[in-house]
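> sequence and predicted structure, then a few things I'm wondering about:
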Amino acid sequence: MFEYAPAPESRAIVDIRPTYGLFINGEFVDGGDPHKSINPATEEVLAEVSWADAADVDRAVRAAREAYDRVWGPMPGRDRAKYLFRIARLIQERSRELAVLESLDNGKPIRESRDVDLPLVAAHFFYYAGWADKLEYAGFGGRPTSQHSGPQPRPLGVAAQVIPWNFPLLMLAWKIAPALAAGNTVVLKPAETTPLTALLFAEICQQADLPAGVVNIVTGAGETGRALVEHPGVDKVAFTGSTEVGRAIARAVAGTRKKLTLELGGKAANIVFDDAPVDQAVEGIVNGIFFNQGHVCCAGSRLLVQESVADRVLESLKRRMAQLRVGDPLDKNTDIGAINSAAQLARIREISDSGSAEGAERWSPPCELPERGFWFAPTVFTGVTQAHRIAREEIFGPVLSVLTFRTPAEAVEKANNTPYGLSAGIWTDKGSRILWLADRLRAGVVWANTFNKFDPTSPFGGYKESGYGREGGRHGLEGYLNV
Amino acid sequence: MTATATSARSDLSELGRSETALRTFLHGLPGVDQVGAEQRAAQLGTRSIKTTAKAQAIDLAIRMVDLTTLEGADTPGKVRALAAKALRPDPADPSCPHVGAVCVYPAMVPHVAEVLRGSGVHLASVATAFPSGQAPLEIKLADTRAAVEAGADEIDMVINRGAFLAGRYSEVHDEIVATKDACGDAHLKVILETGELATYDNVRRASWLAMLAGGDFIKTSTGKVPVAATLPVTLVMLEAVRDFRAATGRQVGVKPAGGIKTTKDAIKYLVMVNETVGADWLDPDWFRFGASSLLNDLLMQRTKLTTGVYPGPDYFTLD
């Protein structure tokens, strides 16, 4: 046997303050009641963070408005770009620190925060920095065809941004980078369980000499978020999170001048055909559902496998799952870290239990879970039907539901039979089938022979109840421009 | 594989008798997605192997080295020195294990055999008109017999890549069968020369072909063409031996060769073996490194771990 010795990443690199206030108008200020932010892998308290109340939110929105009117709005794009490039470089320089803090606060394995989250965060800032002085060329009207081209694209003003806990810093980057590049100022609310990297990002804004008020961070839970999106001084609301909250935000924003983009839940189908490259498909299935503990809105949580290869694929999948290393998120060899919160763990358990109760067969590889903290073993359900809750509801955890199909048409029908439509995966050696299927899948992103591939140049967003608007790429600018 | 081992076994043994059956079978194997395979190999390469795990991996890697010299300039004195090093890789530390085998040209086999006799270190010889394989079959077989008679207990043969790429699978198959026959009791390692096969689909097919024909090991490369062993190629070959054992019950070994120079590289391969085929292959009987300069780096890292001091290269023997 070849046992890997513990290989913990040092946490000495990150200096967590005992308490954090709010980041408003370029400085940290005292806010409402302090709340504890814990490490979900150990339940140890990392820091106490103020939760902003309505008055704090109002201060932040006013600061953002002032910065927009006086500094950031009038500033030429090439100058805004300089700040964004500077922030991008600082993120790269401090990436180890940010990765460790992200893993501590969120529970995700350091391998992922180091190799996926942080490189993408920096890439988003670099990418949108490049757009800041080229907005007239983004295809939303402006310079290229002179007087027939319509008005120059203008920023919207103050953007209220509410982000989830699954990719705290990456979602911050997806929100802040395009908003700033387009000339808006922002008030961002990180999730209540994962505020720490956003607060470290605030320090990076200071380090980059970003003008005061351009970026404001207000920490807190649902009430803070509500105060922010309902604030009359806000011109734009961007939200990533659950469909339930997304609906409430859409209602709150209806009838106002506020522009809205929503990136909500998903129940993606990962479709494996009989001619798929089996070993790579299995990797894609594992990556699709176990990446980030399955806390991924575009997770491939439904495996649709062609009946003729189902046994073979499942056998390979189970063998592969037995290799997954669950445990200390800071260990460099950990594949699956901690569930982000007790509440999320309870939800995963509840839906998984319904899967067993409704007659699906449950399997997990033998794996020892730590005693403290929030943990859930990677789980696969077979014998799942479209009627089961585990096939319909977003679990947002390391739980895969396996269904089978016989023909391509049936695969399309089952894949689309969900209120969601964020992503889908196709595994086949036949290029023509990929194109045929991609045309018919009602999902914002369709991956072919890969899964969970992200790039700042590529737009991302949903169909149906997975939301509207696009983030990333040229398309991601549209949500922050008056076009 | 879904078929039961016994029925599959009888099915597969018939394949070699017909070009059509062989072709249908090899082209019916699941494809390999290049991007995915390379991504998986790179991901396994990020494992962090430290302290006790590293010490364990280094000793295992030393035991898996096929210490190789395949030069036109090889002489009896040179190969004897190499064989002596194979027995005691680190003269300063008797706890250091011996390597898996010494690998030389057939003409050098008698000289190595004298040194290795009774030591437990295997004696491998390349044969079958290595490295090109471009010689008449009778000559390749004579090459093989001569090496075995001179004392080699492992034969590293090359496949006929020209025939393989032209789709003449039976020809490749039958040559391997004939060479295996000529080997007698010696183990047969089949070199696929993956750098010339170019695609992972070809690597998978060639792996199965070599196993169906009776090869005891499949080996990546001769070390004589620009592209030698890579992690993704080895991954595809490991998947092949894993699936072959599931289908037939017979275990086949894997030997990446060429270009593996550092301890760090070797550990990446061991991690890949561990997480692809598991502990059954983590043994010199089932996994080998074809290498020459790798050994000294393993010894340096080993000394660093045991003494805390990183010795200079002058403290290790050059051969």
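That came in fine, so what should we check first?
> ok, residues contacting stretch B:240-254?
For stretch B:240-254, the external contacting residues (Cβ atoms under 8 Å, 6 or more residues apart in numbering or on different chains) are B:1, B:3, B:5, B:8-9, B:12, B:189, B:204, B:207-208, B:211, B:215-219, B:234, B:237-238, B:273, B:276-277, B:280-281, B:285-288. Using the backbone N, CA and C atoms, a C-beta is placed for each residue, glycine as well.
> in ChimeraX, how would I select the buried members of those residues?
To isolate the buried subset of those in ChimeraX, counting by 16 or more other Cβ atoms under 10 Å in any protein chain shown, use the following:
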select /B:8,12,189,204,207,208,211,215,216,217,218,219,234,237,238,273,276,277,281,285,286,287,288
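> give me the three-state assignment for whichever residue of chain A sits closest to chain B.
Of all residues in chain A, the one sitting closest to chain B is residue A:280 (3.0 Å; Cβ to the nearest Cβ). Using DSSP: H, G, I helix; E, B strand; the rest coil as the criterion, the local structure at residue A:280 reads helix.
> I figured it hits residue B:41, correct?
No. At 11.1 Å, residue A:280 does not count as touching residue B:41 under the criterion of Cβ atoms under 8 Å.
> show me where chain B has strands.
Counting by DSSP state E, the segments of chain B that form strands are B:65-68, B:101-104, B:122-126, B:154-158, B:187-191, B:217-219, B:253-255, B:289-291.
> Serialize the ones you listed to a markdown table and add fields for mean pLDDT.
As requested, the strands of chain B are arranged in a markdown table below (pLDDT from 0 to 100):
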| stretch | mean pLDDT |
| --- | --- |
| strand B:65-68 | 98 |
| strand B:101-104 | 98 |
| strand B:122-126 | 98 |
| strand B:154-158 | 98 |
| strand B:187-191 | 98 |
| strand B:217-219 | 98 |
| strand B:253-255 | 98 |
| strand B:289-291 | 97 |
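> quick one: closest of those to residue A:316.
Comparing the strands of chain B against residue A:316 with Cβ to Cβ, the closest turns out to be strand B:253-255 (18.6 Å).
> which element is residue A:211 on?
In this structure, residue A:211 is located outside every helix and strand according to DSSP states H and E.
> the residue nearest to it when sequence neighbours are not counted: neighbour count?
Setting aside the residues directly before and after it, residue A:211 is nearest to residue A:71 in space (Cβ to Cβ, 6 or more residues apart in numbering or on different chains), at 4.5 Å. The local packing count at residue A:71 equals 17, with neighbours defined by other Cβ atoms under 10 Å in any protein chain shown.
> still on that earlier bit, neighbour-wise, which of residue A:280 and residue B:41 wins?
For residue A:280 versus residue B:41, neighbours defined as other Cβ under 10 Å are more numerous around residue A:280 (24 against 19).
> quick check: residues of the stretch 1-150 of chain B near chain A?
B:1-2, B:30-33, B:35-37, B:39-40, B:46-54, B:56-57, B:60 (Cβ under 8 Å from any Cβ of the partner chain).
> show me what contacts residue 69?
No chain was given, so I picked chain A. Residue A:69 makes contact with no residue, according to Cβ under 8 Å, 6+ apart.
> that's the wrong chain, I meant chain B
By Cβ under 8 Å, 6+ apart, the contact list for residue B:69 reads B:78, B:79, B:82, B:103, B:104, B:108, B:292, B:319.
> helices of the stretch 51-200 of chain B, residue ranges please.
Using DSSP state H, counting those that start in this stretch, the helices found in the stretch 51-200 of chain B span residues B:51-63, B:76-87, B:109-116, B:137-149, B:161-165, B:169-183, B:194-197, B:200-212.
> nearest spatial neighbour of residue B:286, chain-adjacent residues omitted?
When the adjacent residues along the chain are set aside, residue B:286 lies closest to residue B:253, with 4.4 Å between them (Cβ to Cβ, 6+ apart).
> ok, the one you found to residue B:276 distance?
From residue B:253 over to residue B:276 the distance is 14 Å, taken as Cβ to Cβ, to the nearest Å.
> you'd agree residue A:406 is up against residue A:304?
No. Counting by Cβ under 8 Å, no contact exists between residue A:406 and residue A:304, whose distance comes to 10.8 Å.
> of these two, who's got more company?
Between residue A:406 and residue A:304, counted using other Cβ under 10 Å, residue A:304 has the larger neighbour count: 25 against 10.
> got a list of what residue A:473 touches?
With contacts defined as Cβ under 8 Å, 6+ apart, residue A:473 is in contact with A:456, A:457, A:458, A:459.
> repeat that with 10 Å
A:127, A:128, A:131, A:138, A:178, A:455, A:456, A:457, A:458, A:459, A:460 (Cβ atoms under 10 Å, 6 or more residues apart in numbering or on different chains).
> now do residue A:448
When contacts are taken as Cβ under 10 Å, 6+ apart, residue A:448 is in contact with A:424, A:425, A:426, A:427, A:428, A:431, A:433, A:434, A:435, A:437, A:438, B:33.
> what's opposite it in the beta bridge?
residue A:426 (DSSP bridges).
> what strand or helix carries residue A:41?
Using DSSP H and E, residue A:41 sits within no helix or strand.
> okay, now it: neighbour count?
Other residues within reach of residue A:41 by the criterion other Cβ under 10 Å amount to 26.
> now do the one 10 residues further on
A count of neighbours around residue A:51, defined by other Cβ under 10 Å, yields 20.
> with residue A:115 instead?
15.
> could you find the closest non-adjacent residue to it?
Of all residues apart from its sequence neighbours, residue B:46 sits closest to residue A:115 (Cβ to Cβ, 6+ apart), at 6.8 Å.
> hmm, back to that, for the contacts of residue A:448, which one is nearest residue B:132?
The shortest separation between residue B:132 and any of these is 31.0 Å, and it belongs to residue B:33 (by Cβ to Cβ).
> so who does that closest one touch?
Taking Cβ under 10 Å, 6+ apart as the definition of contact, the neighbours of residue B:33 are A:276-281, A:283-284, A:427, A:429, A:448-450, B:39-40, B:200-201.
> torsion angles phi and psi at it?
Geometry field for residue B:33 lists phi and psi as phi -90, psi 120, criterion degrees, to the nearest 10.
> what pLDDT does residue B:228 get?
Residue B:228 is assigned a predicted lDDT (pLDDT) of 96.
> from chain A, how far out is it?
Between residue B:228 and chain A the computed distance is 22 Å (Cβ to the nearest Cβ, to the nearest Å).
> surely residue B:150 and residue B:143 touch.
No. Using Cβ atoms under 10 Å as the test, residue B:150 is too far from residue B:143 to be in contact (11.0 Å).
> export stretch A:417-437 to CSV, keeping only CA atoms.
Written as CSV, here are the backbone C-alpha positions of stretch A:417-437 (Å, rounded to 0.1, in the frame of the first residue of the first chain):
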residue,chain,number,x,y,z
ASN,A,417,-37.4,17.8,-18.2
THR,A,418,-36.5,20.2,-15.4
PRO,A,419,-37.4,23.7,-14.4
TYR,A,420,-33.7,24.6,-14.5
GLY,A,421,-31.5,25.1,-17.5
LEU,A,422,-28.0,26.2,-16.5
SER,A,423,-25.7,23.6,-18.0
ALA,A,424,-25.4,20.2,-19.6
GLY,A,425,-22.6,17.8,-20.6
ILE,A,426,-22.4,15.5,-23.6
TRP,A,427,-20.0,12.5,-23.8
THR,A,428,-19.6,10.9,-27.2
ASP,A,429,-17.0,10.3,-29.8
LYS,A,430,-19.4,11.5,-32.5
GLY,A,431,-19.0,15.2,-33.4
SER,A,432,-22.3,15.4,-35.3
ARG,A,433,-24.2,14.1,-32.3
ILE,A,434,-22.7,16.8,-30.1
LEU,A,435,-24.0,19.5,-32.4
TRP,A,436,-27.4,17.9,-32.8
LEU,A,437,-27.8,17.6,-29.0
